[in-house]
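S.K.: Only the shape, not the letters, is given here:
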């Protein structure tokens with residue numbers, strides 16, 4: 001039986017607050033066969049970029065012979081968030097846990113972009129990674145986190161390395177509830193930092209760099 005990885009695409013398309021501040025200038029990127037267009041005044045939703053990284057992670061893992069399960073990958077239009085998972089953050093996490101726990105996955109990786117402050121642009125920046133701090137819920141999360149971090153920390157040249165951290169607040173790090181051996185949550189960059197939003201969150205090339213590094217760690 002092939003090793004199976006659950007790839008969770010962060011929050012939902014319509015989850016409140018999970019988006020950038022309005023862009024002051026329009027942005028167009030054509031990279032890796034994907035075009036990203038952002039109009040002046042538009043906000044980019046976190047889930048859009050999470051799906052972008054997930055797309056490349058799926059390709060990389062399956063290229064190596066692993067099997068993947070895509071959690072809420074089809075929510076790019078907001079449908080699954082509204083109908084299947086609801087719009088409340090806690091409901092969303094519990095529903096994802098229950099769903100993934102039925103898919104016979106070995107590990108789970110939850111993909112995110114970070115935020116800081118009250119919804120305005122600021123200088124917080126960098127990449128970081130979490131595993132669960134509670135012994136009964138972490139499984140092999142620490143091992144997975146450190147393996148992935150060894151590659152992820154240098155994925156995007158010059159990005160601030162915020163390190164591997166623990167928390168009991170992230171349900172997508174709860175290996176027990178997810179029914180997996182190990183689970184981690186990755187915050188790739190800050191969507192409230194204008195440079196990281198433009199150059200990482202909205203960049204298919206950056207999505208691929210993150211994904212290839214994560215696949216190596218896995």
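M.R.: The structure has been received and is ready for your questions. These figures come from a predicted structure and were not determined experimentally.
S.K.: Tell me the spacing between the residue most central in space within the chain and residue 167.
M.R.: Geometric centre of the chain, nearest residue: residue 111, 1.2 Å, by C-alpha atoms, centre = their mean. Counting by C-beta to C-beta, to the nearest Å, the gap from residue 111 to residue 167 is 16 Å. In short, each C-beta sits where N, CA and C put it, glycine included.
S.K.: coming back round to it: tell me the secondary structure of the residue nearest to the centre of the chain, please.
M.R.: Under DSSP: H, G, I helix; E, B strand; the rest coil, residue 111 falls in the strand class.
S.K.: you'd agree it is up against residue 55?
M.R.: No: using C-beta atoms under 8 Å, residue 111 is not in contact with residue 55, being 10.3 Å away.
S.K.: What are the boundaries of the strands in this structure?
M.R.: Using DSSP state E, the strands of the chain run over 4-8, 27-31, 34-38, 67-71, 107-114, 127-132, 161-167, 182-190.
S.K.: JSON lines for these, including distance to residue 175?
M.R.: Formatted as JSON lines, the strands of the chain follow (distance: least, C-beta to C-beta, whole Å):
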{"stretch": "strand 4-8", "distance to residue 175": "11"}
{"stretch": "strand 27-31", "distance to residue 175": "34"}
{"stretch": "strand 34-38", "distance to residue 175": "32"}
{"stretch": "strand 67-71", "distance to residue 175": "15"}
{"stretch": "strand 107-114", "distance to residue 175": "8"}
{"stretch": "strand 127-132", "distance to residue 175": "7"}
{"stretch": "strand 161-167", "distance to residue 175": "13"}
{"stretch": "strand 182-190", "distance to residue 175": "5"}
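S.K.: can you put those strands in a markdown table and add mean pLDDT?
M.R.: Below are the strands of the chain laid out as a markdown table (pLDDT from 0 to 100):
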| stretch | mean pLDDT |
| --- | --- |
| strand 4-8 | 97 |
| strand 27-31 | 97 |
| strand 34-38 | 96 |
| strand 67-71 | 95 |
| strand 107-114 | 98 |
| strand 127-132 | 98 |
| strand 161-167 | 98 |
| strand 182-190 | 98 |
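S.K.: wait, which of those is closest to residue 120?
M.R.: strand 182-190 (12.2 Å; C-beta to C-beta).
S.K.: pull the longest helix from this protein.
M.R.: Taking DSSP state H as the criterion, the chain has its longest helix at helix 46-63.
S.K.: For it, name the packing helices and strands.
M.R.: Packing partners of helix 46-63 (3 or more C-beta pairs under 8 Å, 6 or more residues apart in numbering; DSSP states H and E): strand 4-8, strand 67-71, strand 107-114, helix 204-217.
S.K.: Among these, which comes closest to residue 191?
M.R.: strand 107-114 (4.6 Å).
S.K.: Hey, what's the angle from that closest one to helix 46-63? Just curious.
M.R.: 150 degrees (axes from the mean of the first three to the mean of the last three C-alpha atoms, to 10 degrees).
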